[in-house]
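Student: sequence unknown, structure follows:
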Ligand SMILES: Nc1ncnc2c1ncn2[C@@H]1O[C@H](COP(=O)(O)OP(=O)(O)OP(=O)(O)O)[C@@H](O)[C@H]1O
């Protein structure tokens, strides 16, 4: 569904992603694990197209590496950035509606409010007044409004309470099941990643240092990469 081949990303002369190749299958959830500064955010920005990259990025069979971000969204990629970045002065409903642009639709699909009932209750409130967990739900709802085939989430658990993190894992599993989409999530919280991932990749200094799927995922081994 989404694949990269020898992806390289640099800030000026300094390369921070050093030739990454991976594939995300249909309705597969892949967690990209790694400590701060290992390149997760840079990788995600290059996938959605807000940072230039060398190498190949494919959505399905199409190479989208030269396409603008909005064109990638039209082809089925949606991105929830680190730190959520909702429009604080707009209402909840207006925030979700912003995600509809790529689809040409006007109406917010009903399943979005079914997935996030709290957003239905708060739809006329300003997004800036929501809690961190609610803003994270809103950022995901906005991404889903674009009707993606692949949902990219950059550290969705950052700054969110443990009880809410559990709910978020349940919701992402529900989204995958009901919408039949692929999910790529970057994470440092292993329990959260274990609850949702079919496969884990560990990013270490801009390279994939370890990869495991299903029963082969060894939490102890992965946690060694996550501790400093
Ligand atoms: N604007 C920038 N200019 C130069 N170097 C940068 C810039 N942003 C990030 N870097 C460097 O690129 C590397 C990867 O950073 P990145 O933010 O992608 O890591 P990360 O794994 O997402 O970490 P975090 O969890 O802290 O966001 C780091 O060494 C960082 O210092």
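Tutor: Looks like it came in fine. Since this is a predicted model, take the numbers as computed values, not measurements.

Student: for this protein, which residues are neighbours of the ligand?
Tutor: 11, 16, 34, 36-42, 82, 155 (C-beta under 6 Å from any ligand atom). Placement of C-beta: from N, CA and C, glycine included.

Student: of those residues, which belong to strands?
Tutor: 11, 16 (DSSP state E).

Student: residue ranges of the helices in the protein, please?
Tutor: 40-48, 69-74, 92-98, 110-115, 117-121, 132-145, 162-179, 190-196, 219-226 (DSSP state H).

Student: got a markdown table for these, with distance to residue 28, mean pLDDT and mean neighbour count too?
Tutor: Below are those laid out as a markdown table (distance: least, C-beta to C-beta, whole Å; pLDDT from 0 to 100; neighbours: other C-beta atoms under 10 Å):
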| stretch | distance to residue 28 | mean pLDDT | mean neighbour count |
| --- | --- | --- | --- |
| helix 40-48 | 15 | 97 | 23 |
| helix 69-74 | 19 | 93 | 18 |
| helix 92-98 | 26 | 96 | 20 |
| helix 110-115 | 20 | 93 | 15 |
| helix 117-121 | 26 | 95 | 15 |
| helix 132-145 | 17 | 95 | 23 |
| helix 162-179 | 9 | 94 | 15 |
| helix 190-196 | 11 | 94 | 19 |
| helix 219-226 | 18 | 90 | 14 |
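
Student: how about the ones you listed, which one is nearest residue 21?
Tutor: Nearest to residue 21 among those is helix 40-48 (11.9 Å), distances taken as C-beta to C-beta.

Student: who are the contact partners of the residue sitting nearest the centre point of the chain?
Tutor: The centre of the chain sits closest to residue 153, judged by C-alpha atoms, centre = their mean, with a distance of 1.6 Å. Contact analysis of residue 153 by C-beta atoms under 8 Å, 6 or more residues apart in numbering lists 80, 140, 172, 183-186.
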